[in-house]
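>>> Pasting a predicted model and its sequence here:
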Amino acid sequence: MKQNFLKIFPIALAGLIIGNSAQAQETSGQKPALRTWSIGVNAGALTGISPLGGQNDFSNWKTSFGYGLYIKKQISPAFALRLDGVRGKVRGDNSETFNDGTINTSPIASYNTDLRYSASLSAQVNMVNWSMFNQHNNATLYALAGGGFVNYAPTTVATGSSTEVTGPAVNKMIVPVGVGAKFRLSEGINFDLGWTINFVDGDKFDGYARGSNDKYNYGYAGLEFALGKGKQLAFFSPTAATYEEALAAKNTANALKSDLDAQKAENSKLRSEMNDLLKDSDGDGVADKLDKCPNTPAGTVVDGSGCPIKIPAPVVTEKVIVTEADRKVVRDAIANLEFDLGKATIRSKSYATLNRVAALLVEKNFSLKLAGHTDNTGSRELNMRLSKERAESVKAYLVSQGANASRIEATGYGPDQPIATNKTAAGRQQNRRVEFTLY
């Protein structure tokens, strides 16, 4: 088992390094969303006793200095792989009795084991984040367990002797199990507190075979440095991220509903204004706001101001001839015709050319057909109504300038007769129009 691990461990280490290099190449020039790689350095106390119980070979354990280095890959917010290395010395003697009062009769009076190096690969699990509703936490508790090997050489002193005897350096399997707490000092630096018990696959770690496997503790403090850019995956809370996304979606929905309600209110106001503008109580074809003779009897022929025509209109017996000059007057009016956005209100810049059309209708007694058109933006019902209202608005203006209301026909076709594609802004602009046809 030990030989297989010694073969596999360098391969795993090389795989971690190559994987990091490949990831760096893949994301070259791109800012990573979260940091997943980190390195840590630590120092602390090494002891050769287990506080969790079991058999201890020496009655008096002593604290020695140890130091370590690790590389960590965070796979998810809760899980990481960690490669540790530790060096130091582990010491103990029998200068005191055991806790139960018995005296250790071991033939070894003391030991001093040189922990030349240890290397282990562990799975680290983040058990508790400081706050599950904070998307990026400042502290977390973790536990780890794994496997590895240790190279050590024990130096012992026999009972009743002062001569030190150093044994050969050996390699043994170890199983590290530990817990810790990590605190985020900044976006790239963490303070790490940890404690690990290392169970050795052998009984001579302390130079004395007493019939049970040895173990040693490493309690440490250190700094961890997160590599790359962005926030650290180890402190990330998926619960908080999901909650914030849901809250943002709710706020967006509320904003859209508010905009929709405002648009409905604006449309209702627009319909009310148009109804007031086009209201014709006596049905003579002249809107009440322009009708100077309200309440004329049904069927009465009226002029542009809504008053009865006293002189019968001459009967036209000759064929109506529309000249190119007449058509140019109409084309100019079409080219300069503009409405307020989404409304049937004619802008003042269109008045001059419309006035010439009205004068032409009065002078030559032409008839005129007005056809309103829109693009396909919005509902068909709204577009049909808007095209009709714009054609009626042009008719009302021409009548206000003296044109004969009975000779003007206003029709709305909505989006049904496009002259260009509705897939482009330029095409939609061409489709929003009012056509004039003289006859």
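Good, I have the coordinates.

>>> pLDDT score for Leu290?
Reading off the confidence values, Leu290 has pLDDT 80.

>>> just use 55 as the starting number from now, easier for me
Sure thing, new numbering starts at 55, so read that last one as Leu344.

>>> SS state for it?
What DSSP: H, G, I helix; E, B strand; the rest coil gives for Leu344 is coil.

>>> For the longest strand along the chain, name the packing helices and strands.
Counting by DSSP state E, the longest strand found in the chain is strand 162-183. Here strand 162-183 touches helix 56-80, strand 133-147, strand 193-212, strand 224-238, going by 3 or more C-beta pairs under 8 Å, 6 or more residues apart in numbering; DSSP states H and E. Bear in mind the C-beta positions are built from the backbone N, C-alpha and C, glycine included.

>>> what about the stretch 205-354 of the chain, any weak spots by pLDDT?
By pLDDT under 70, the low-scoring segments of the stretch 205-354 of the chain are 293-301.

>>> As a check, name the ranges of all strands in it.
For the stretch 205-354 of the chain, applying DSSP state E, counting those that start in this stretch gives strands covering 218-220, 224-238, 243-254, 269-280, 285-286.

>>> Adding distance to Gly337, write those out as CSV.
As requested, the strands of the stretch 205-354 of the chain are exported to CSV (distance: least, C-beta to C-beta, whole Å):
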stretch, distance to Gly337
strand 218-220, 121
strand 224-238, 80
strand 243-254, 84
strand 269-280, 81
strand 285-286, 73
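
>>> so can I have CSV of the ones you listed showing mean neighbour count?
Below are those laid out as CSV (neighbours: other C-beta atoms under 10 Å):
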stretch, mean neighbour count
strand 218-220, 12
strand 224-238, 18
strand 243-254, 19
strand 269-280, 20
strand 285-286, 20
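
>>> Paired strands for the longest strand of the chain, with orientation please.
Strand pairing for strand 162-183, using DSSP bridges, gives strand 133-147 (antiparallel), strand 193-212 (antiparallel).

>>> Only the buried residues of that strand, if you could.
Of the residues in strand 162-183, 162-167, 169, 172-176, 178, 180, 183 count as buried by neighbour count, 16 or more other C-beta atoms under 10 Å.

>>> So, low pLDDT: which residues of the stretch 355-493 of the chain?
Within the stretch 355-493 of the chain, the set of residues satisfying pLDDT under 70 comprises 365-373.

>>> Show the residue spans covered by the helices in it.
Here the stretch 355-493 of the chain has its helices, by DSSP state H, counting those that start in this stretch, at 378-390, 405-418, 434-454, 479-485.

>>> And the last one, how far out from the chain middle?
In other words, helix 479-485. In terms of C-alpha atoms, centre = their mean, to the nearest Å, the centre of helix 479-485 is set 35 Å apart from its chain centre.

>>> can you point me to the longest helix in this structure?
helix 292-332 (DSSP state H).

>>> what is the orientation angle of that one with strand 162-183?
For helix 292-332 against strand 162-183, the angle by axes from the mean of the first three to the mean of the last three C-alpha atoms, to 10 degrees is 10 degrees.

>>> Can you name every helix or strand that helix 292-332 contacts?
Here helix 292-332 touches helix 434-454, going by 3+ C-beta pairs under 8 Å, 6+ apart.

>>> and the nearest residue to Ala464 once chain neighbours are set aside, what is it in contact with?
Computed as C-beta to C-beta, 6 or more residues apart in numbering, the closest residue to Ala464 that is not its neighbour in sequence is Ala445, at 3.9 Å. When the contact criterion is C-beta atoms under 8 Å, 6 or more residues apart in numbering, the partners of Ala445 are 424-426, 464-466, 488.

>>> Mind checking which of those are buried?
Going by neighbour count (16+ other C-beta under 10 Å), those have 424-426, 464, 466, 488 buried.

>>> give me the beta-bridge partners of Phe245?
Under the criterion DSSP bridges, Phe245 forms beta bridges with Phe237, Leu277.

>>> most tightly surrounded among the helices of the stretch 355-493 of the chain?
Using mean count of other C-beta atoms under 10 Å, the stretch among the helices of the stretch 355-493 of the chain with the largest mean neighbour count is helix 434-454, at a mean of 21.

>>> tilt between that helix and helix 378-390?
130 degrees.

>>> just to revisit the earlier point, okay, and which of the buried ones among the contacts of Ala445 map to strands?
The strands, defined by DSSP E, take in 424-426, 464, 466, 488 from the buried ones among the contacts of Ala445.

>>> Tell me, how many residues neighbour Glu392?
Around Glu392 there are 12 other residues, counting by other C-beta atoms under 10 Å.

>>> go on, the one 4 residues further on?
Counted with other C-beta under 10 Å, the neighbours of Gly396 add up to 14.

>>> Am I right that it is in contact with Arg325?
No. Using C-beta atoms under 8 Å, Gly396 makes no contact with Arg325, being 11.7 Å away.

>>> Lys343: neighbour count?
Neighbours of Lys343 (other C-beta under 10 Å): 12.

>>> Distance-wise, check the spatially closest residue to it that is not a sequence neighbour relative to Gly456.
Spatial nearest neighbour of Lys343, excluding adjacent residues (C-beta to C-beta, 6+ apart): Leu331 at 6.5 Å. Distance, Leu331 to Gly456, using C-beta to C-beta, to the nearest Å: 19 Å.
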